[in-house]
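Visitor: just need the structure, nothing else, for what follows:
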Amino acid sequence: MDNIYTDLASEFISKIMGREKNNIKNAQMVYGDITVKSFEIDKHSSDLIHRPQGLYVIIETGPDIRGLSDSLSDTIGREIKKLIEYLDYKKKPEKILVVGLGNREITSDSIGPRVIDKLRVTGHVKENFPEEFERFNSIYALAPGVMAQTGMETAGIVKGITDKLMPELIICIDALATQSMERICTTLQLSTAGISPGSGIGNLRNAINPDTMGVPVITVGVPTVVGAVTLVRNYLEELENACSIRLDIDKLDICNFNSVLKDKYVTTKNIDEEVSCLSEIVSMAINGALLKK
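Guide: Residues are numbered from 1 along each chain as shown. Predicted structure coming up:
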């Protein structure tokens, strides 16, 4: 069945683990109500799951995000630091560009710009008062909007700023698509592989990654939507299992739902509250992770 989109590498990885020969290194740690899974994807495994090479970290939590805000923020910050170490900087990056991808006018796509709103930006003051702000890295922020707002490729805007600013690291925050309603705003994906804005919902845009930007890129993504076609497929699979029947789901097209539901996406009824809460948590995590000790 076409039009089944997801940005989460773990949802692709789960399909091949134990079934196909792969070289995916994986690990799992549990910190109270928070589970952290890491997957290192090499060239061979990248070809299998059609995702770029790199280290992917999946942070899973329960629905009570606000009750776990401090521990979740600490966990995200810790994993960002680990990704920076994974990138093997001989000297830790001090000049960092943080990019909030997405459309702030659409709640489910607004987490990137909202994180930028709460970010501790220090680049301008560090340049003028280096001694007073010695404890801080030089942090710059950008919320480039989307092509429908600017008429320009988002990656092109980021590349132009990068060439001018010459940061040592880019951190991108974006909303993602998932294949499971249960993962909406309860899962985060961090990665060193970069991101293609809109790829999870089938809008193929130019990538923001180390190759295109010329500097390392760390991404922080939060699933906020599920495709309507995916929901129907999941329901049919559950129906198969519950009723012990066999439906050829890949060929089935009840009421032509595949074309009718194409490009339609679903989110939760309290997405406003969840995105607001998570944007605060992610901004706190980045602020803490980029603070010099």
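
Visitor: in the stretch 51-200 of the chain, mark out all the strands, start to finish.
Guide: Defined through DSSP state E, counting those that start in this stretch, the strands belonging to the stretch 51-200 of the chain, from first to last, are 54-60, 95-100, 138-142, 169-178, 187-191.

Visitor: in a markdown table, list these along with distance to residue 229.
Guide: C-beta coordinates here come from the backbone N, C-alpha and C atoms, glycine included. Rendered in a markdown table, the data for those read as follows (distance: least, CB to CB, whole Å):
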| stretch | distance to residue 229 |
| --- | --- |
| strand 54-60 | 23 |
| strand 95-100 | 28 |
| strand 138-142 | 33 |
| strand 169-178 | 11 |
| strand 187-191 | 20 |
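
Visitor: show me where pLDDT drops low in this protein?
Guide: Regions of the chain meeting the criterion pLDDT under 70 cover residues 1-4, 14-23, 198-205, 247-258, 260, 293.

Visitor: what segments of it are helices?
Guide: Listed in chain order, the helices found in the chain under DSSP state H are 9-16, 43-49, 69-86, 111-117, 123-128, 147-150, 154-165, 210-213, 228-243, 257-260, 271-289.

Visitor: pick the most buried one from these.
Guide: Stretch with highest mean neighbour count among those: helix 111-117 (a mean of 24; mean count of other CB atoms under 10 Å).

Visitor: still on that earlier bit, show me the one of the helices of the chain that comes nearest residue 137.
Guide: Comparing the helices of the chain by their distance to residue 137 (CB to CB), the top pick is helix 123-128, with 7.8 Å.

Visitor: ok, residue 225 touching residue 268?
Guide: No: because the distance of 9.4 Å does not satisfy CB atoms under 8 Å, residue 225 is recorded as not touching residue 268.

Visitor: tell me the contacts of the residue nearest in space to the middle of the chain?
Guide: Residue closest to the average C-alpha location in the chain (CA atoms, centre = their mean): residue 221, at 1.7 Å. Applying CB atoms under 8 Å, 6 or more residues apart in numbering, we find residue 221 in contact with 7, 173, 174, 175, 176, 188, 189, 190, 191, 195.

Visitor: swap in 7 Å and give it another go.
Guide: The contact partners of residue 221, taken as CB atoms under 7 Å, 6 or more residues apart in numbering, are 7, 174, 176, 188, 189.

Visitor: how about residue 76?
Guide: Contacts were defined as CB under 7 Å, 6+ apart; by that measure residue 76 touches 59, 188, 281, 282, 285.

Visitor: from these, pick the one nearest residue 131.
Guide: Sorting the contacts of residue 76 by distance to residue 131 puts residue 285 at the head of the list, at 27.2 Å, by CB to CB.

Visitor: okay, the nearest residue to residue 175 once chain neighbours are set aside and residue 278: tell me how far apart.
Guide: Closest residue to residue 175 apart from its sequence neighbours, by CB to CB, 6 or more residues apart in numbering: residue 224 at 4.5 Å. Relative to residue 278, residue 224 is positioned 9 Å away (criterion: CB to CB, to the nearest Å).

Visitor: same question for residue 56.
Guide: Applying CB to CB, the value for residue 56 to residue 278 is 19 Å.

Visitor: what do you get for residue 240?
Guide: The gap separating residue 240 from residue 278 is 34 Å, by CB to CB.

Visitor: over to residue 71?
Guide: Taking CB to CB, one finds residue 71 at 14 Å from residue 278.

Visitor: hang on, the earlier thing: between residue 225 and residue 268, which has more neighbouring residues?
Guide: Taking neighbours as other CB atoms under 10 Å, residue 225 and residue 268 compare with residue 225 leading, 25 against 17.

Visitor: just give me the neighbour total for the closest residue to that one other than its chain neighbours.
Guide: Closest residue to residue 225 apart from its sequence neighbours, by CB to CB, 6+ apart: residue 265 at 4.2 Å. Residue 265 has 20 neighbours, counted by other CB under 10 Å.
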